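# Sequence first, then the predicted structure, then my questions.
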Amino acid sequence: MQHKITLLIKEALKNLGIIEDVSFSIEHPADFKNGDYSTNVAMVAFRGRRQFEKAIDGDENTINVKYGVDFTNPHKLAEKIKIELEKDLPKEILKIEVAGAGFINFYLSQEFFTERVSEILNKGEEWGKNKILEGKKVMVEYTDPNPFKPFHIGHLMANAIGESISRVVEFSGANIIRANYQGDVGPHVAKAIWGIIHSGEKVEGKNALWIGECYSLGATLYESLHPKGVEAKKEIEVINKKIYDRSDEEINKIYDWGRKVTLDAFEEIYKLLGTKFEYYFFESEMAPIGEKIVRENVPKVFNESDGAIVFHGENYDKKLHTRVFINSQGLPTYEAKEIGLALTKFEKENPDLSITTTAIEQGEYMKVVQKAISLVHPDLESRMKHVTHGMMRFADGKMSSRKGNVITGESLLNDSMDIVKEKMKDSKISEEEKRQISEIVGVSALKYSILRSSLGSDIIYDSEKSISFEGDSGPYLQYTTVRANSILNKAKDLNTDDKKETPESVTDLEKYLYQFPEVVEHSYETLQPHHVATYLTELASSFNTFYGNKQILVEENKYMDYHLNLIKAFTQTMKNGLWLLGIEVPERM
RNA sequence: GGUCCCGUCGUUCAAUGGAUAGGACGUAACUUUGCGGAAGUUAUGAUGCAGGUUCGAUUCCUGCCGGGACCA
């Protein structure tokens, strides 16, 4: 429709003799009373003429030759364009009005909206998809928790965002490959193993939570200046070496056990969250690959410096800085491993686009690493994208897994699910179904609270406020959809043969519904899932208003057939949209 | 100290350079013989400060103030 209006306007401009190339825009006004589409063409043309006037010092004759039409302000020009447009209006456009500073507003006809409702019902699960990335392969890396450390709410945040981005990209026609990158070697593992050994307990039957506590113990002592801490630090460094060369039988055993236990625990959480990864990359595997690439590219890209190998980012872009890729002990750093990872992704799947999502604090680091990669492989530069998200923070400061003041993802999920159970305590639903519903709704509350705001901003963790079940929330969207489905179920056996009239007025519900594909596209272009979240909330709200104003299932409703189709179109759109956020819709709640 | 990001109702979050800056929470009223009240309706209330560009600036530019990230 937007395209059609663009052509109409271009035609009108031509007929008016405006030969200047006017780059106007067409958008949906924020307020429906200003029409369904709106263009600023008159204002842009006016500005164009003003600039033209300045350039030629106001020679009236020349101006009017160039513009073919005389106008003293945008509003007057808009009126002229309007009259031109009205000479041949297509049936989808009901009327045109000029308003404000010179906007030309298009009001679509009831027929247009009725057709959209049918289109939604025909497309079903395909509704909202586009073909921008048809035939393309896109790899998305996200979550990235570390074995031997707790899966904290930051990982929960990363997972919700990465999963939603994956789905939005998938709706744009791409073949999606989900990847997870995990640090299975390094000081944090040594700290955890030190903690396990010094707990004096047997590992049999112990879980990931316990390993997390052992890690916290080791990490705290490692940083302590107390004699005990100094001693622990030495021991941890010894363990760290032994993990690398696998020279100690007992440590190998603990390592293999702990790695499996924590990874299995992560898998439980992924299942609950609805994520399934195709690839798991590990730092231990990326280290030798990255090291080799770095050493091969000295001195072309990397340089030796005091026994280490570094990359001088500032030589290429003054916004970058120097980072160490192989340290003075000859060991590859995170940077080297990151190079190994990036190239492994391209070697395994050769994606057209490789998206990496990390916390915002990795932003500067990734810029340097990606510059280094693009110097080694110039063809990959345009195929790598880095998306950052904010942190989960306590109201009084930063959350740190190193200090142990973390909220685990599991406990937050449990809290959220408990609130749902509490809300359902008086309902007659069976305990088993209540458990299932509490999972779906609890996860939704959490995911929505993460996905509702634009990426990059922090989320302040407050146990009272961060999980919301009313108003602007995941459960609100689910509840509204469930209610709509409930009407459809009740209407199944009703005969609507004599209730097939089409109403003359169009509600906000229809006006939101047809915009869904545009929202998906916008969300892909910006890689920002919150556009979908915001849209769904507006859509659900418009349904609730509709629901409050209309009696659907009453004998007098001669529009019943159309209303039921409209509700079907609504539930379909909600279902598709919530899927993009990684949220399911329960049967009832 | 350098580079980058961010300052919007009391709180939390929106707004491709557009129209009266929009939701949610909170607060104050109201709506249930009407299909699910986790809902709806109404009221309340904000662009850090000072300039600049523009027909038009929350958005772009400059300076200042305040917060954060990375680097040193």
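Everything's here; your move.
# Pick out the residue of the stretch 51-200 of chain A closest to RNA strand B.
For the stretch 51-200 of chain A and RNA strand B, the shortest gap (CB to the nearest atom of the strand) falls at A:G100, measuring 2.9 Å. For every residue, glycine as well, the C-beta is placed using N, CA and C.
# Go ahead and flag the most central residue of chain A.
A:P529 (3.3 Å; CA atoms, centre = their mean).
# Name the nearest residue to that one, ignoring sequence neighbours.
When the adjacent residues along the chain are set aside, A:P529 lies closest to A:S164, with 4.0 Å between them (CB to CB, 6 or more residues apart in numbering).
# Next up, identify which helix or strand A:K95 is on.
With elements delineated by DSSP states H and E, A:K95 resides in strand A:93-99, which encompasses its position.
# Output the below-cut-off pLDDT ranges for chain A.
Of all residues in chain A, those with pLDDT under 70 make up the ranges A:19-21, A:49-72, A:394-405, A:462-465.
# Swap in 80 and give it another go.
Within chain A, the stretches with pLDDT under 80 are A:17-23, A:46-73, A:392-407, A:457-466.
# wait, is A:V140 part of a helix?
No - per DSSP: H, G, I helix; E, B strand; the rest coil, A:V140 lies outside any helix segment and is strand.
# bridging residues for it?
Note on A:V140: beta-bridge partners by DSSP bridges are A:R178, A:I355.
# residues in contact with A:I153?
If a contact means CB atoms under 8 Å, 6 or more residues apart in numbering, then A:I153 has A:392, A:399, A:406-409, A:412, A:461 as its contacts.
# er, A:I120 actually
A:I120 touches A:127, A:513, A:568-569, A:572-573, counting by CB under 8 Å, 6+ apart.
# any idea how far the nearest residue to A:V520 once chain neighbours are set aside is from A:H531?
Excluding its sequence neighbours, the residue lying closest to A:V520 (CB to CB, 6+ apart) is A:G128, at 4.9 Å. Separation of A:G128 from A:H531 (CB to CB, to the nearest Å): 12 Å.
# and if you look at A:H155?
From A:H155 to A:H531 the distance is 24 Å (CB to CB).
# Between these two, which is the more surrounded one?
Higher neighbour count among A:H155 and A:H531: A:H155, with 23 against 20, using other CB atoms under 10 Å.
# Please, which helix or strand holds the more buried one?
Following DSSP H and E, one finds A:H155 within helix A:153-171.
# A:F311 now?
Going by DSSP H and E, A:F311 is in strand A:308-312.
# Please name every helix or strand in contact with that strand.
With contacts taken as 3 or more CB pairs under 8 Å, 6 or more residues apart in numbering; DSSP states H and E, strand A:308-312 sits against strand A:303-305, strand A:322-326, helix A:363-376.
# buried ones in the longest one?
By neighbour count with 16 or more other CB atoms under 10 Å, helix A:363-376 contains the buried residues A:365-374, A:376.
# Using CSV, list the CA coordinates for the helix or strand that it is followed by.
Next helix or strand after helix A:363-376 toward the C-terminus (DSSP H and E): strand A:384-389. Taking Å, rounded to 0.1, in the frame of the first residue of the first chain, the C-alpha atoms of strand A:384-389 are listed here in CSV:
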residue,chain,number,x,y,z
MET,A,384,30.2,-10.0,11.0
LYS,A,385,27.8,-8.1,13.3
HIS,A,386,28.1,-7.5,17.0
VAL,A,387,25.0,-6.8,19.0
THR,A,388,25.4,-5.7,22.6
HIS,A,389,22.9,-5.7,25.4
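# OK, now which residue of the stretch 401-550 of chain A is nearest to RNA strand B?
A:G471 (1.9 Å).
# and stretch A:409-425, how far from the chain's centre?
Averaging C-alpha positions (CA atoms, centre = their mean, to the nearest Å) puts stretch A:409-425 24 Å from its chain's average.
# ok, now stretch A:89-98?
Its chain's C-alpha centre and that of stretch A:89-98 lie 36 Å apart, by CA atoms, centre = their mean.
# Just the residues contacting that stretch, thanks.
So stretch A:89-98 is contacted by A:1, A:4-5, A:8, A:35, A:42, A:75, A:78-79, A:82, A:85-86, A:104-112 (CB under 8 Å, 6+ apart).
# Tell me if it is near RNA strand B.
No - Stretch A:89-98 does not reach RNA strand B (CB under 7 Å from any atom of the strand); its nearest approach is 8.2 Å.
# Any idea how far apart the tips of that stretch sit?
End-to-end distance for stretch A:89-98: 16 Å, by CA to CA, to the nearest Å.
# Can you point out the buried residues in that stretch?
For stretch A:89-98, the neighbour count (16+ other CB under 10 Å) marks A:92-94, A:96, A:98 as buried.
# swap in stretch A:331-338?
Across stretch A:331-338, burial judged by 16+ other CB under 10 Å covers A:332-338.
# could I get those as a markdown table with secondary structure and distance to A:V441?
Below are the buried residues of stretch A:331-338 laid out as a markdown table (DSSP: H, G, I helix; E, B strand; the rest coil; distance: CB to CB, whole Å):
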| residue | secondary structure | distance to A:V441 |
| --- | --- | --- |
| A:P332 | strand | 45 |
| A:T333 | coil | 43 |
| A:Y334 | helix | 38 |
| A:E335 | helix | 42 |
| A:A336 | helix | 44 |
| A:K337 | helix | 39 |
| A:E338 | helix | 38 |
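# which strands and helices sit next to the helix of greatest length in chain A?
With secondary structure taken from DSSP state H, chain A has its longest helix at helix A:249-273. In this structure, helix A:249-273 packs against helix A:153-171, helix A:187-198, helix A:208-223, helix A:227-245, helix A:409-423, helix A:431-451, with contacts taken as 3+ CB pairs under 8 Å, 6+ apart.
# and the helix or strand that it is followed by, C-alpha only, in CSV?
Remark: after helix A:249-273, the chain's next helix or strand is strand A:279-282, criterion DSSP H and E. Extracted in CSV, the C-alpha atoms of strand A:279-282 (Å, rounded to 0.1, in the frame of the first residue of the first chain):
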residue,chain,number,x,y,z
TYR,A,279,26.7,-25.6,17.8
TYR,A,280,28.5,-25.5,21.1
PHE,A,281,32.0,-24.0,20.8
PHE,A,282,34.5,-24.2,23.6
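# just how off-centre is whichever helix or strand comes after strand A:279-282 within its chain?
Downstream of strand A:279-282, the next assigned helix or strand under DSSP H and E is helix A:283-296. Offset of helix A:283-296 from its chain centre (CA atoms, centre = their mean): 31 Å.
# can you check stretch A:542-554 too?
Using CA atoms, centre = their mean, the offset of stretch A:542-554 from its chain centre is 31 Å.
# Export only the CA atoms of that stretch, formatted as PDB.
C-alpha atoms of stretch A:542-554 as PDB (Å, rounded to 0.1, in the frame of the first residue of the first chain):
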ATOM      1  CA  SER A 542      -6.800  -2.300  21.100                       C
ATOM      2  CA  PHE A 543      -8.300  -5.800  21.300                       C
ATOM      3  CA  ASN A 544      -9.200  -5.300  24.900                       C
ATOM      4  CA  THR A 545     -10.900  -2.000  24.000                       C
ATOM      5  CA  PHE A 546     -12.800  -3.700  21.200                       C
ATOM      6  CA  TYR A 547     -13.700  -6.500  23.500                       C
ATOM      7  CA  GLY A 548     -15.100  -4.100  26.100                       C
ATOM      8  CA  ASN A 549     -17.200  -2.200  23.600                       C
ATOM      9  CA  LYS A 550     -18.700  -5.000  21.600                       C
ATOM     10  CA  GLN A 551     -21.000  -7.900  22.500                       C
ATOM     11  CA  ILE A 552     -19.900 -10.600  20.100                       C
ATOM     12  CA  LEU A 553     -21.900 -13.700  21.000                       C
ATOM     13  CA  VAL A 554     -25.400 -12.200  21.300                       C
END
